[in-house]
Structures are given as C-alpha cells and as structure tokens.
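> Build the 3D model from these lines:
(4 chains)
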2 protein chains.
Amino acid sequence: MRVLLVEDEKDLAESIRRGLTNEGFVVDVAHDGVTGAWLAVENPYDVAVLDIMLPGKHGYQILKEIREAKIWTPVLMLTAKDGEYDQTDAFDLGADDYLTKPFSFIVLVAHLRALIRRGAPERPVTLTVGSLVLDPVRRTVTRQGSPVALTPKEYAIVQYLMRNHDQVVSKAEILDNVWDAAYEGSDNVVEVYMGYLRKKIDTPFNTTTLTTVRGMGYCLVSDER
Amino acid sequence: MRVLLVEDEKDLAESIRRGLTNEGFVVDVAHDGVTGAWLAVENPYDVAVLDIMLPGKHGYQILKEIREAKIWTPVLMLTAKDGEYDQTDAFDLGADDYLTKPFSFIVLVAHLRALIRRGAPERPVTLTVGSLVLDPVRRTVTRQGSPVALTPKEYAIVQYLMRNHDQVVSKAEILDNVWDAAYEGSDNVVEVYMGYLRKKIDTPFNTTTLTTVRGMGYCLVSDER
DNA sequence: ACACGTTCTCAGCAGGTTCTCAGGGAACCG
DNA sequence: CGGTTCCCTGAGAACCTGCTGAGAACGTGT
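Here you go, the predicted model:
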C-alpha cells in the first residue's frame, strides 16, 4: 500500500512516516506542495495525506491540481482547528476525509485503511441534480450545460440544497447552514434569495425545480418539469 | 442535527452531551444498550455514537439490531484500545467510523460532522397504510401513486393517524398531538379537517379508509374498500 | 471619490390556510 | 316514532405565509 505524505513539519512528517512504515505502508514524503503535487500526479498512490498549511502552496491548491490532472487518489486532509478554512471546506474541495490536528496516530491509520478499502472511484467531483451541475473545485454551476453566474450567498444556498435534494429543508436550516451564527435577521432573506435563485436557475430554462413547500420550507427536486 | 449517544459511564456521557450541545447538536443519551437500540429505531437521528462496551449488550449487537430494522443512521463506535475487539473490527461490523478511547473532543465533533455530511446511504423511511404513502423527508403524501396536496395541518393529522393506523383515536388525542397546547377552541375543528381529508385522500380514489367511530373518534383503516 | 455588485430590510399584496358558526342529517335510545 | 346526541358541511371572516419591488447599507476595485 503506497502512501504519499505531504507535510512540511519535518519532525511530524518523520514520525508519521516511521509509524506508517511499521504498519506495512510504503511511504513517500514531500515537504512542500510543489513536490507533493508532482509526486501525486506521477505515481499511483493508494492514498495521500495532505497537510493544509504548506509553504508556498495551500493543500487545497495541490488537491485541485491533482484532481484537474484526473487523478482520483483518495485524499485525507490534515487541518488545524484554528485554521482559516474550517473542516467543511475540505469536503467541498474534493477531499475524501480529514483529520483535525492534533490527531492520534491510530486514528490516522484507521482512516487510511478505510479510504484504501473504499478505493478510488472513477468520479468527477461534482454535485448533480437533474440538469443542474455544481463543481465545487471550480466553484461553478451549470444548467443544461449553460453556465450560471451566482453570487457567493446564492452559490452556498444552491450547494446546500443540492446536498439535500428531494428533501424539504426549512428556512431555519438554510439559515443555520449558509449564514453564520451571528446573523440575527428574519427568515425573509431566505425568501428573497429563493427569488434570486429562481430567476437564475429556473426561469431562464423553463424548469421548476426550486419548489416551495408552504409552512415547511423549500425543496430542490431532481424531477424537472 | 440530532445525535444519539449510547454510553454507560455517566460522567463521560454527561460531559460529551454537554459539549455536543454547545456545538449546536441536539443530544439524546442512553446509558444501556437496550434503551439505545430502542431510541435509535424509534427516532430519526443524524448520527449515533455507540460505546462498544456496554452492560448487557455489546455495541455491535445494537448496531446489528438497528441495521436489521433498516435504520441507516451513520454510527460512530467508541472502542477501548485494550479491548478484545481491535479497531479494524469496528468497520467490519458495519460501523461508519470509530474512535479509540481516550479521544479528544474536537476530533469527535469533526468526525460527527463528517458522518452527518456523508449522510445515511439510503433511507426508505416512509409510512405506509394500504395504498397511502407518506414520505416525511419529501413531506409528500401519495395514494395509489398519485400525489396528494395537503396543507400543514392536514399533513400533521394524516401523519398522526398513519402512525396509529387501525386504532381508534379520539378527537382529544388528535387535538393534543396536532394542535399546540395553547389551542382553546372546540372539537369541531377536527371534524372539519376530517372532512377536508376525506375529500383529498378518500373521495377521489373511491376508498373509505378514514372512518368515524361514533362516540369514540376516528380510525384510519389499512383495509380499503 | 466613484461605480458597481452584493447583501439585506421593509412594506404591500395575493392567495392559501385556519377556524368559527349554524343548520342539516345520521345514528342511537327508549 | 320522537327525542336526543353526535357528526358533517358550506360559508365566510380572520389570519398567516411567501413573493416581490424598491431601496438602503456595505464592501471592493478603479
């Protein structure tokens, strides 16, 4: 089992390398992002461990490069709890798993085994609901192939709705998941944004996928009509 | 986000419960396996945390039970490092993730978030009474496959009746379970709504499932005729 | 400083939903 | 059969919810 480890703290990298080797993995280590990305593209690893904070390049950037090169090696991200990116972002960018530092070595091994076991699916990392496609890596949304320009808030809402497509989501849920906890306004913002979104992802295409469920919330249905 | 925590060490359970509540989760705690399994089957949790060492029942037995009940709530197992089952077993037993004690609280939260995000693989969580089907996730009701549009109150009543199908439920029970405690009107509302419902779920389909039991209440029968 | 895009608030409207009431019927009892 | 009780139903009033246009506030880049 070949593992790529990209970690700039040399001590930590060395101790992980030694531990994984003891567990029977074959480990390649890169101490910076450029080398890491290159190794990942050139060699068939079973799994890659990517630190998020790297000199020069962000872990995210490396991941992006790897994915754009159509390499679907499962990636586990190492994130710092106080980092500027919170954990949810790691998934958005196509990571398959993540651990927050500090983590126990045993947990790391378990997660790697799980990732390897699951394997690398031949998948483009996009969300698809009917003819609506969202690419988290490029941060783009298309309907019927045509690109749709969305503002950050709109994008966040669509993403949340697509993750929960064909389910009713309440305005409160949307507020919880798209707005930060500090927001103290009324539900009405959500209604307003639904109006914006309909004008962008439904009206121009004569579709009706963003439906209102009175008294409950909204539902993004995959069945277009 | 609702979490079920099954852990017999009361102190640990309480401290986890408190921490998760602070993180915005809604937490139910069970101190033994029997209660835990029952809760897991009866309620729709987003994720469950299961200790592997429990009085009476093993964690994996509980897991087995809830999976057999077709409940696909993601499960995170808590294993002891020196336990008779080592970590790899947890995956083999159908757990979606596990942590080895002692674990850091931050790691626990991160793992729960990851599990919730990944979500339950499939959930055919529908209520069915005869040809009447209610899907709580989509908030839809169908009879003989045709969708039936219901208002929030109507929907709530149907849901309650379906949960208690083939039993007589009194108007008072319906009032208690569908209207909030502040309601001070008469029983007549229920009669009115039964009229509405019959017009929507029985009359158009030539069925008679919403029957009146004079002096007692109403009964939703599964036998259509 | 200015133009622009984005976010958010507000108020009014339209239509759906809830509930009350009163009259008519159906079931039950002696 | 007559009286009583219980249930059904149509009409309508009060209420609530969600949609929308206008515009203010804010930040960003020029």
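> When you work out contacts or count neighbours from here on, use the C-alpha atoms and nothing else.
OK.
> Can you list the buried residues in stretch A:193-201?
By neighbour count, with 16 or more other C-alpha atoms under 10 Å in any protein chain shown as the criterion, the buried positions of stretch A:193-201 are A:194, A:197-198, A:200-201.
> typo on my end, stretch A:24-31
Buried residues in stretch A:24-31 (16+ other C-alpha under 10 Å): A:25-31.
> one step back: just the ones of the buried residues of stretch A:193-201 in helices?
Using DSSP state H, the subset of the buried residues of stretch A:193-201 located in helices is A:194, A:197.
> which bits of chain A sit near DNA strand C?
When proximity is defined by C-alpha under 7 Å from any atom of the strand, chain A lies next to DNA strand C at A:150-154, A:179, A:183-186, A:188-189, A:192, A:214.
> Of these, just the buried ones, ChimeraX syntax please.
For anyone working in ChimeraX, the buried entries among the residues of chain A next to DNA strand C, judged by 16+ other C-alpha under 10 Å, can be selected with:
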select /A:150,154
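> For chain B, tell me which of the residues of chain A next to DNA strand C show up nearby.
Among the residues of chain A next to DNA strand C, proximity to chain B is found for residue A:214 (C-alpha under 8 Å from any C-alpha of the partner chain).
> From the residues of chain A next to DNA strand C, pick the one nearest residue B:51.
Nearest to residue B:51 among these is residue A:179, at 33.9 Å by C-alpha to C-alpha.
> DNA strand D contacts on chain A?
Contacts of chain A with DNA strand D, taken as C-alpha under 7 Å from any atom of the strand, map to A:188, A:191-192, A:194-195, A:212-217.
> if you set the cut-off to 6 Å instead, what comes out?
Neighbours of DNA strand D within chain A, by C-alpha under 6 Å from any atom of the strand: A:191-192, A:195, A:212, A:214-217.
> got these as CSV, with secondary structure columns?
As requested, the residues of chain A next to DNA strand D are arranged in CSV below (DSSP: H, G, I helix; E, B strand; the rest coil):
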residue, secondary structure
A:191, helix
A:192, helix
A:195, helix
A:212, strand
A:214, coil
A:215, coil
A:216, coil
A:217, strand
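> Throw the residues you listed into JSON lines and include distance to residue B:205, thanks.
Shown next, in JSON lines, are the residues of chain A next to DNA strand D (distance: C-alpha to C-alpha, whole Å):
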{"residue": "A:191", "distance to residue B:205": "36"}
{"residue": "A:192", "distance to residue B:205": "39"}
{"residue": "A:195", "distance to residue B:205": "36"}
{"residue": "A:212", "distance to residue B:205": "26"}
{"residue": "A:214", "distance to residue B:205": "25"}
{"residue": "A:215", "distance to residue B:205": "26"}
{"residue": "A:216", "distance to residue B:205": "26"}
{"residue": "A:217", "distance to residue B:205": "28"}
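> Nearest to residue A:80 among the residues of chain A next to DNA strand C?
Comparing the residues of chain A next to DNA strand C against residue A:80 with C-alpha to C-alpha picks out residue A:179 as the nearest, at 22.4 Å.
> Looking at the buried residues of stretch A:193-201, which is nearest chain B?
The shortest separation between chain B and any of the buried residues of stretch A:193-201 is 18.2 Å, and it belongs to residue A:194 (by C-alpha to the nearest C-alpha).
> roughly how far apart are the closest one and residue B:152?
Shown here: residue A:194 relative to residue B:152, a distance of 21 Å by C-alpha to C-alpha, to the nearest Å.
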